[in-house]
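> the following comprises the amino acid sequence and a computationally predicted model.
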Amino acid sequence: MSTDADVLILGGGCAGLGLACNLSQYGGRAPRTIILEQRNEYRNDRTWCFWGDDAAPYARLAGHQWRHLRVAGGGRCIDFDCGNTPYRMLAADVYYATTLQAIHANPQLSLHLGHSVVSEPEYTGGVWRIETSQGRISAGALVDTRPKPASAQSPALLWQSFFGHEIETSDPVFDPFIADLMDFPEISDHRIAFIYVLPLTETRALVEYTVFAESPLPALALQKGLDAALENRTRGSAYRTLRSEYGCIPMGGNEAAPAAGRANPSRVHAGLSAGAARPATGYAFQRLQRWGAQCAQALVTTGVPVPQTPDRLIVRAMDRLFLHVLRAQPALAPALFSALFADVDSRRLIRFLSDGGSLRDHAAVIAALPAGPFLKQLFTRKPSA
Ligand SMILES: Cc1cc2nc3c(=O)[nH]c(=O)nc-3n(C[C@H](O)[C@H](O)[C@H](O)COP(=O)(O)OP(=O)(O)OC[C@H]3O[C@@H](n4cnc5c(N)ncnc54)[C@H](O)[C@@H]3O)c2cc1C
């Protein structure tokens, strides 16, 4: 049966555009692909940070990088040397422009902006039919990267909510050679909060206030913490806000599911709402790029999309335990994170934080953490938790 496309990608954000960009590299071998995106235009709505050497996807397009990161909390201030895998910041507008250029260069792909998917996809006779705000579209395979509504999400163990402003100050108050990954100024019984500062020049920085809590927080709930962070970091200098970013990332609970046993292999869910983020840290960008490359290859060679590869059992188990400890004993967070950054070899820790790492990386992380809180958590946890 004829269809409008071989592959439909629902949602043209980080995951959808990343997959499409990978498909575009296959030239005429790429399947006929349509990306449906509800927005009418792309704006510089966020920054993606990740650790990577020069070979990492998009590493060379990063606008800034830091070889030194500071983690302050639990009575310690650690200068973490990233070595050959600097912490890089990629502006969303650069990512959008790069991926769109690749997509437009391959006639097999087309991006439909202003197309909102308005009902659940239907599958009949081996064809997916999608109702959009601009009419119906059909395809043989479906990759759904739309965020799930809160009601349809698996409950996360913790939510990472953050709100930040990129600002320009009148006086030189920042050191562009060192970023503050976590600066814990405030701990309460109920939540973990810290300041995150990415200085771009002596007068320009992204200053964010982040909270790990059991439910997602709106930007308004983070405003007070952000104002205090800005006051603290601008040290009395006047400043103006250039742009803002806000986000809520689920941590643990919605990990990617194994591919086997999917009801219909011609459809996959992908992206942040399908468990793309590293549960214990919320980092997702590089994992999304890796998935985009794998899924594109699968679509070109077999015509069937693949979901993100689930983390290994040990990674999932450790992440869950770590998140349970943070949830049950939030006051320990500064000491736990400080111990990780102070005592684990930087290459091992970077692998662990971004993508899981090897068994030896895990052993190094376990060795650095105090055993008490973890044993307590293991022995007090309800079996269902
Ligand atoms: C502000 C912010 C900063 C972040 N920073 C980092 C970071 O530094 N490092 C990191 O690793 N991760 C970071 N993340 C986490 C993660 O990398 C991003 O959320 C990433 O954008 C997730 O990609 P995605 O494709 O799943 O979702 P999105 O990029 O949000 O894309 C989903 C797309 O679906 C579209 N859509 C939604 N509904 C419909 C519909 N009905 N019809 C058609 N289209 C629809 C949306 O318009 C959107 O374009 C950040 C997240 C946020 C929100």
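Sure thing, it's come through.

> run a quick neighbour tally on whichever residue of the chain sits closest to the ligand.
At 1.8 Å from the ligand, Gly13 is the closest residue in the chain, using Cβ to the nearest ligand atom. From N, CA and C alone the C-beta is placed, and that goes for glycine too. Neighbours of Gly13 under the rule other Cβ atoms under 10 Å: 23.

> next up, the contacts around the closest residue to it other than its chain neighbours.
The shortest distance from Gly13 to any non-neighbouring residue, by Cβ to Cβ, 6 or more residues apart in numbering, is to Thr145 (6.4 Å). Going by Cβ atoms under 8 Å, 6 or more residues apart in numbering, Thr145 touches 9-11, 13, 15-16, 19, 269-271, 274.

> the stretch 51-200 of the chain: strands as residue ranges?
64-66, 68-73, 76-81, 87-91, 109-113, 122-124, 127-132, 135-144, 158-169, 178-187, 192-199 (DSSP state E, counting those that start in this stretch).

> need these in TSV with distance to the ligand and mean pLDDT, can you?
Below are the strands of the stretch 51-200 of the chain laid out as TSV (distance: least, Cβ to the nearest ligand atom, whole Å; pLDDT from 0 to 100):
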stretch	distance to the ligand	mean pLDDT
strand 64-66	12	97
strand 68-73	13	96
strand 76-81	17	95
strand 87-91	7	98
strand 109-113	9	98
strand 122-124	15	96
strand 127-132	7	96
strand 135-144	9	97
strand 158-169	7	97
strand 178-187	11	87
strand 192-199	9	96
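
> let me have these in TSV, extended by mean neighbour count.
Formatted as TSV, these follow (neighbours: other Cβ atoms under 10 Å):
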stretch	mean neighbour count
strand 64-66	20
strand 68-73	20
strand 76-81	15
strand 87-91	21
strand 109-113	17
strand 122-124	12
strand 127-132	19
strand 135-144	20
strand 158-169	22
strand 178-187	19
strand 192-199	22
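
> for Gly247, what are its contacts?
46, 160-162.

> strand partners (parallel or antiparallel) of the helix or strand hosting it?
Assigned by DSSP states H and E, Gly247 falls within strand 239-251. In the sheet containing strand 239-251, its partner strands are strand 158-169 (antiparallel), by DSSP bridges.

> how far off centre is the strand it pairs with?
14 Å (Cα atoms, centre = their mean, to the nearest Å).

> ok and that strand relative to strand 87-91, angle-wise?
80 degrees (axes from the mean of the first three to the mean of the last three Cα atoms, to 10 degrees).

> contacts only, for Val118.
Contacts of Val118 (Cβ under 8 Å, 6+ apart): 131-133.

> now swap in Leu90 and tell me
Shown in contact with Leu90 (Cβ under 8 Å, 6+ apart): 47-50, 58, 61-63, 285.

> which of those residues come close to the ligand?
47-50, 285 (Cβ under 6 Å from any ligand atom).

> does the residue nearest to Cys248 when sequence neighbours are not counted belong to a helix or a strand, and which?
Closest residue in space to Cys248, ignoring its immediate chain neighbours: Pro216 at 4.0 Å, by Cβ to Cβ, 6+ apart. Assessed by DSSP H and E, Pro216 sits outside every helix and strand.

> could you do the one 5 residues further on as well?
When secondary structure is defined using DSSP H and E, the element that contains Ala221 is helix 219-234.

> what about that helix, near the ligand?
No: judged by Cβ under 6 Å from any ligand atom, helix 219-234 stays clear of the ligand, getting no closer than 10.5 Å.

> and that helix with strand 239-251, angle?
Going by the same axes, to 10 degrees, helix 219-234 makes 130 degrees with strand 239-251.

> give me the mean pLDDT for helix 219-234.
The average pLDDT within helix 219-234 is 96.

> now that helix, how far from the centre of its chain.
Taking mean C-alpha positions (Cα atoms, centre = their mean), helix 219-234 and its chain are 22 Å apart.

> please identify the buried residues of it?
219, 222, 225-226, 229-230, 233-234 (16 or more other Cβ atoms under 10 Å).

> sorry, back to before: okay if I get the strands of the stretch 51-200 of the chain as CSV plus distance to Ala333?
Putting those into CSV (distance: least, Cβ to Cβ, whole Å) gives the following:
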stretch, distance to Ala333
strand 64-66, 22
strand 68-73, 7
strand 76-81, 13
strand 87-91, 20
strand 109-113, 41
strand 122-124, 45
strand 127-132, 43
strand 135-144, 34
strand 158-169, 10
strand 178-187, 7
strand 192-199, 4
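
> which residues does Glu214 contact?
Glu214 neighbours (Cβ under 8 Å, 6+ apart): 158-159, 327.

> give me the most central residue, this protein.
Ala284 (2.9 Å; Cα atoms, centre = their mean).

> burial check on Asp54, number of neighbours?
If we define neighbours as other Cβ under 10 Å, then Asp54 has 10 of them.

> need phi/psi at it.
phi -60, psi -20 (degrees, to the nearest 10).

> quick check: PyMOL command selecting the buried ones in the ones next to the ligand among the contacts of Leu90.
In PyMOL, this line selects whichever of the ones next to the ligand among the contacts of Leu90 come out buried by 16+ other Cβ under 10 Å:
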select buried, resi 47+48+49+50+285
